[in-house]
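# Structure for this input, please:
(3 chains)
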Amino acid sequence: MAKIFIDNLEKIDIEGFQQDLINWFQAEQRTLPWRENKDPYRVWVSEIMLQQTRVDTVIPYFNNFVEQFPTINDLAEADEDKVLKAWEGLGYYSRVRNLQSAVKEVKEVYGGIVPKDPKEIAKLKGVGPYTAGAILSIAYGVPEPAVDGNVMRVFSRILSIWEDIAKPASRKVFEEAVRAIIAKDNPSDFNQALMELGALICTPTSPSCLLCPVREHCIAFHEGKERELPIKTKNKKTKKVQLAAAILSTDDGRYLIRKRPAKGLLANLWEFPQCEDDHTFTSTKRHLQEYLLKEHAAMAEVENAAFGKIEHVFSHLVWNIDVYAGRIEGEIDQTDTVKLVTEEEMKEFAFPVSHQKMWKQYKEK
DNA sequence: CATCCGTGGGA
DNA sequence: TTCCCAAGGAT
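Numbers count the residues shown, from 1 in each chain, chains lettered A, B, ... in the order given. Have a look, this model is predicted:
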């Protein structure tokens, strides 16, 4: 496998490619908040946010996040609920819990300085091969590869590499390709330029080859194969889960919320109580009431019919939630993970998007 | 290695 | 509607 790209490597004018790529990036790069300076912490935060997430989505989150937590020390000392609240809606919430954990590690073990050594930085929670290379090259100018989906797509075309980029093992092939071609005098602009090119020009479908600054270096373009690359196999279908949720109010205007488990889906976020509901019970109303009694020792009177329906699509499954309103009768034991909160207090807690939507529907009903 | 882990946008 | 994503990492 490595043989093919090494053969093609000999067809590439490496210095010409580096020059054309970097010149284009320096002239055409987008103005983005994380490009204001090369503070390793800001680069780090941006790279974590940008994992599997679009630039336009990240921008407002990044600005808010670095305003709330301007330094490693600020984030290390912050309350986790506040950190999750700043991430609310971005998805993949373990990213930010790992980031805070890693920042604490940097504070305690490395004196608050992000390590410059590839082995050390790669040990940090949430910092994999891509993120390690990105931080090292962008913030510190270390000539390490930063191979993401963009880079695999661009290189598969430039070097005509017919590896399936959906396979984890393929990443190493592209890392070796980047090591062979990276501009050692400017790895920061080189790596960013590859990703910028992938985002703006060398796009997945219908790449803009006529606007491409490196098309003369591109084997796939010369062979007219740019639309056939990269090779990427498809993923499987998602599972479906039927749920019933309850928005329960007390007579004095408080609502029952609870914290999700520390591991797994939407870990440590808050939600309205919900349970699986395969519609095999006599009624969802009774099913919910029994669940609330068993799980929270809550005596509740739930309405007969759902007032809303929510579909929550994840990357690997789908929730279909029927949403019921109800009243809590009597008292409830409040703990660290179960609370009765007013509408105003609710704003301090981070909820999954589906539960934000059901609250909105509840207020509009 | 396969699966898990979010979300909103676009073809 | 359905599918595929978008600057991946942990287990």
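# got any ranges where chain A has weak pLDDT?
For chain A, residues meeting the criterion pLDDT under 70 lie at A:1-4.
# 90 instead, please
A:1-9, A:233-239, A:278-282, A:330-333, A:365 (pLDDT under 90).
# how about the nearest residue to the residue of the stretch 101-250 of chain A found nearest DNA strand C, chain neighbours excluded?
Going by C-beta to the nearest atom of the strand, DNA strand C is nearest to A:G128 of the stretch 101-250 of chain A, at 2.5 Å. (C-beta placed from N, C-alpha, C; glycine too.) Closest residue in space to A:G128, ignoring its immediate chain neighbours: A:A122 at 7.4 Å, by C-beta to C-beta, 6 or more residues apart in numbering.
# List the residues that contact the one you found.
A:128-129, A:132 (C-beta atoms under 8 Å, 6 or more residues apart in numbering).
# If you rank these by neighbours, which is first?
The residue in these with the most neighbours, by other C-beta atoms under 10 Å, is A:A132 (24 neighbours).
# Next up, phi/psi of A:L288, please.
In terms of degrees, to the nearest 10, the main-chain angles of A:L288 are phi -60, psi -40.
# hang on, I meant A:A262
Per degrees, to the nearest 10, the backbone of A:A262 is at phi -70, psi -10.
# Would you mind measuring from it to A:L75?
19 Å (C-beta to C-beta, to the nearest Å).
# For these two, indicate the residue with more neighbours.
A:L75 (25 against 9).
# The more buried one falls within a helix, correct?
Yes. Assessed with DSSP: H, G, I helix; E, B strand; the rest coil, A:L75 lies in a helix.
# residues contacting the closest residue to it other than its chain neighbours?
Closest residue in space to A:L75, ignoring its immediate chain neighbours: A:F69 at 4.1 Å, by C-beta to C-beta, 6+ apart. In this structure, A:F69 makes contact with A:75, A:78, A:83, A:86, judged by C-beta under 8 Å, 6+ apart.
# Now restrict these to buried residues only.
The neighbour count (16 or more other C-beta atoms under 10 Å) marks A:75, A:83, A:86 as buried among these.
# okay if I get these as CSV plus distance to DNA strand B?
CSV is the format used below for the buried ones among the contacts of A:F69 (distance: C-beta to the nearest atom of the strand, whole Å):
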residue, distance to DNA strand B
A:L75, 18
A:V83, 13
A:A86, 13
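# Does A:R97 touch A:N268 like I think?
Yes. A:R97 lies in contact with A:N268 (C-beta atoms under 8 Å); the separation is 6.8 Å.
# Distance of A:M346 relative to A:F307?
18 Å.
# any idea which element A:H312 lies in?
strand A:308-313 (DSSP states H and E).
# For the helix or strand that that strand is followed by, output the C-alpha coordinates as PDB.
Sequence order places strand A:317-328 as the next helix or strand after strand A:308-313, per DSSP H and E. Extracted as PDB, the C-alpha positions of strand A:317-328 are listed here (Å, rounded to 0.1, in the frame of the first residue of the first chain):
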ATOM      1  CA  LEU A 317     -29.000   6.100  16.900                       C
ATOM      2  CA  VAL A 318     -32.300   7.900  16.900                       C
ATOM      3  CA  TRP A 319     -34.500   8.800  19.800                       C
ATOM      4  CA  ASN A 320     -38.200   9.200  19.200                       C
ATOM      5  CA  ILE A 321     -39.500  10.900  22.300                       C
ATOM      6  CA  ASP A 322     -43.200  11.400  23.300                       C
ATOM      7  CA  VAL A 323     -43.400  14.300  25.700                       C
ATOM      8  CA  TYR A 324     -45.900  14.400  28.500                       C
ATOM      9  CA  ALA A 325     -46.700  17.100  31.000                       C
ATOM     10  CA  GLY A 326     -47.500  16.300  34.600                       C
ATOM     11  CA  ARG A 327     -47.700  17.500  38.200                       C
ATOM     12  CA  ILE A 328     -45.700  16.300  41.200                       C
END
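# Name the residues that touch the following helix or strand past strand A:317-328?
Remark: after strand A:317-328, the chain's next helix or strand is strand A:338-341, criterion DSSP H and E. Residues from elsewhere that reach strand A:338-341, judged by C-beta under 8 Å, 6+ apart: A:250, A:254-259, A:296, A:328, A:332, A:334, A:349.
# now stretch A:198-218
A:12-13, A:16-17, A:20-21, A:23-24, A:28, A:30, A:55, A:149-151, A:153-154, A:157-158, A:197, A:221, A:226-227.
# For chain A, which residues are neighbours of DNA strand B?
A:52-54, A:57, A:89-94, A:167-169, A:205, A:236, A:264-267, A:312-317, A:352-354 (C-beta under 7 Å from any atom of the strand).
# Mind checking which of those residues are buried?
By 16+ other C-beta under 10 Å, the residues of chain A next to DNA strand B give A:90-94, A:266, A:312, A:352, A:354 as buried.
# Could I get those in TSV, plus columns for secondary structure?
Listed next are these as TSV, based on three-state DSSP:
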residue	secondary structure
A:L90	coil
A:G91	coil
A:Y92	coil
A:Y93	coil
A:S94	helix
A:L266	coil
A:H312	strand
A:P352	coil
A:S354	helix
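# The closest residue in space to A:V241 that isn't next to it in sequence: what's it in contact with?
In space, and not counting its chain neighbours, A:V241 is closest to A:W319: 5.4 Å by C-beta to C-beta, 6+ apart. Counting by C-beta under 8 Å, 6+ apart, A:W319 touches A:241, A:243, A:310-312, A:354.
# got it, and A:A134?
Here A:A134 is in contact with A:43, A:47, A:146, A:148, A:191 (C-beta under 8 Å, 6+ apart).
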